[in-house]
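Chemist: The following comprises the amino acid sequence and a computationally predicted model.
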Amino acid sequence: MAIKTKTHGRRTGLGLLMLVLLLVDGHVLQAFADSGSSSADPAMIEKFEIRPPHAVAGQTCVLQWRTRNAVAAHLTGIGSVPVNGRKKETVGEQITYILTVLNNRGRSISASRSISRIVPSME
């Protein structure tokens, strides 16, 4: 999966208008416009965790994240998500989730977390 951003700027009578596109595998996932100042605070991922980090197949785990200065967020395997949130997932195989967030200028930061599948012993 390829996650990219494209930023297009244009001067208007009101100043600079920026259009930022979040692209996943070449498809527009989210678009937003910004006419704010020329500087931008960086997006930050303050918290991103999976509880429990190890689980038996079929068990539910909870992904939880909190960001700052983010205007868009994407979780691999899930899609577009709120910039702060919580999501329940059922464990299948071992999986790594990648959370990517963008600020209002299209600059992104990512973090990854994995959940390991426990295979019960047959004693």
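Modeler: On my side now, so go ahead.

Chemist: how near is the closest residue to Val56 other than its chain neighbours to Glu93?
Modeler: Among residues not flanking Val56 along the chain, Ile118 sits closest, at 5.2 Å (CB to CB, 6 or more residues apart in numbering). All C-beta spots, glycine's among them, are computed from the backbone N, C-alpha and C. The spacing between Ile118 and Glu93, counted by CB to CB, to the nearest Å, is 12 Å.

Chemist: Looking at those two, which one has more neighbours?
Modeler: Ile118 (14 against 8; other CB atoms under 10 Å).

Chemist: Next, work out how far apart that one and Pro52 are.
Modeler: Ile118 is 10 Å from Pro52, by CB to CB.

Chemist: for Arg86, same thing?
Modeler: Where Pro52 is concerned, Arg86 sits at a distance of 15 Å (CB to CB).

Chemist: go on, Gln59?
Modeler: 8 Å.

Chemist: Could you list which residues are in contact with Ser110?
Modeler: Ile3, Ile45, Ile98, Leu99, Thr100, Val101 (CB atoms under 8 Å, 6 or more residues apart in numbering).

Chemist: redo that, cut-off 7 Å
Modeler: Going by CB atoms under 7 Å, 6 or more residues apart in numbering, Ser110 touches Ile98, Leu99, Thr100.

Chemist: Can you list the strands that the host helix or strand of the first one pairs with?
Modeler: Element membership for Ile98, per DSSP states H and E: strand 95-102. Strands that pair with strand 95-102, judged by DSSP bridges, come out as strand 72-75 (antiparallel), strand 108-118 (antiparallel).

Chemist: OK, contacts around Gln59?
Modeler: Contacts of Gln59 (CB under 7 Å, 6+ apart): Val91.

Chemist: swap in Ile45?
Modeler: Contacts for Ile45 were tallied using CB under 7 Å, 6+ apart; they are Trp65, Thr67, Leu99, Val101, Ile109, Ala111.

Chemist: In a markdown table, list the residues you listed along with distance to Leu75.
Modeler: A markdown table is the format used below for those (distance: CB to CB, whole Å):
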| residue | distance to Leu75 |
| --- | --- |
| Trp65 | 8 |
| Thr67 | 12 |
| Leu99 | 6 |
| Val101 | 10 |
| Ile109 | 14 |
| Ala111 | 11 |
